[in-house]
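Asks: Here you go, sequence then predicted model.
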Amino acid sequence: MKPLIRSCAPLAALCLLVSLLSACGPVVVPPPPAPGISPQQRLAAVHAAAGAEDTELNVQPLRDPQVEDLREQAARALAAGDAEAAGEALNQALLVVPDDPAVLQERAEVALLQAQYERAETLARRAYDVGSKVGPLCRRHWATIEQSRLARDQAENAASAQAQLRTCTVPGVTRY
């Protein structure tokens, strides 16, 4: 009879624990979070906001070959789905050219993809501060800021970024 008592002891302890926990009241399981916008969808919204680059003047600076290699490495990593490697390549590029608005913006977009929303906003804001205030890159800056704010439930601040985004488009010159 003793072996039976020993084998029932763990079961009795488990029953006692369950009864004690149930005496505390019902266990409320929080509902799963509502499906939201994925980081990939946020990045797609940024690229859509940029628009077609061939419809307006878009001045590109001469690039350092090392920086271009790192940007291409980052693009390949993103194409392979490796945001971390892309971020590292762009971090290396920023060590060479810390105030390049295009590299800053690309790094901001990788941060957005990694759901590092505060970092994405900081980088996009810095890119805007040192870059052009018009054109596709400007729209990408503000769209990144908007998406990072939306991701952090800052709808009013996101609306402000959306308003800034619209100032990046300058109507073309009508020629006769």
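Replies: Thanks, I have the structure now.
Asks: contacts and neighbour counts: CA atoms only from here.
Replies: Will do.
Asks: From Asp64, how far out is Val46?
Replies: 26 Å (CA to CA, to the nearest Å).
Asks: before we move on, what about Leu123?
Replies: 20 Å.
Asks: of Val46 and Asp64, who's got more company?
Replies: Val46 (22 against 11; other CA atoms under 10 Å).
Asks: Which of the helices or strands spans that one?
Replies: helix 39-50 (DSSP states H and E).
Asks: How about the residue nearest the centre of the chain: what's its closest non-neighbour residue?
Replies: For the chain, the residue nearest the mean C-alpha position is Leu112 (1.1 Å; CA atoms, centre = their mean). For Leu112, ignoring the flanking residues on the chain, the nearest one in space by CA to CA, 6 or more residues apart in numbering is Ala120 at 5.3 Å.
Asks: give the contact list for that neighbour.
Replies: Contacts for Ala120 (CA atoms under 8 Å, 6 or more residues apart in numbering) come out as Arg107, Ala108, Glu109, Val110, Ala111, Leu112, Thr144, Ile145, Ser148.
Asks: out of these, which one sits closest to Ala127?
Replies: Ala108 (8.7 Å; CA to CA).
Asks: Need phi/psi at Arg166.
Replies: phi -70, psi -20 (degrees, to the nearest 10).
Asks: ok, which stretches of this structure are strands?
Replies: For the chain, applying DSSP state E gives no strands.
Asks: what are the ranges of the helices in the chain?
Replies: Using DSSP state H, the helices of the chain run over 2-23, 39-50, 65-79, 83-96, 101-113, 117-130, 136-151, 155-166.
Asks: Including mean pLDDT, could those go into TSV?
Replies: Below are these laid out as TSV (pLDDT from 0 to 100):
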stretch	mean pLDDT
helix 2-23	50
helix 39-50	91
helix 65-79	96
helix 83-96	97
helix 101-113	97
helix 117-130	97
helix 136-151	95
helix 155-166	92
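Asks: Closest one of the contacts of Ala120 to Ala86?
Replies: Nearest member of the contacts of Ala120 to Ala86, counting by CA to CA, is Val110, at 7.2 Å.
Asks: circling back to that earlier point, buried set for the helix holding Val46?
Replies: By 16 or more other CA atoms under 10 Å, the buried positions in helix 39-50 come out as Pro39, Arg42, Leu43, Ala45, Val46, His47, Ala49, Ala50.
Asks: burial measure for the residue nearest to the first one when sequence neighbours are not counted, as a count.
Replies: Looking back up the chat, that one is Pro39. If the residues on either side of it in the chain are set aside, Pro39 comes closest to Leu113, at 4.8 Å by CA to CA, 6+ apart. Leu113 has 22 neighbours, counted by other CA under 10 Å.
Asks: same thing with Gln66?
Replies: Around Gln66 there are 12 residues (other CA under 10 Å).
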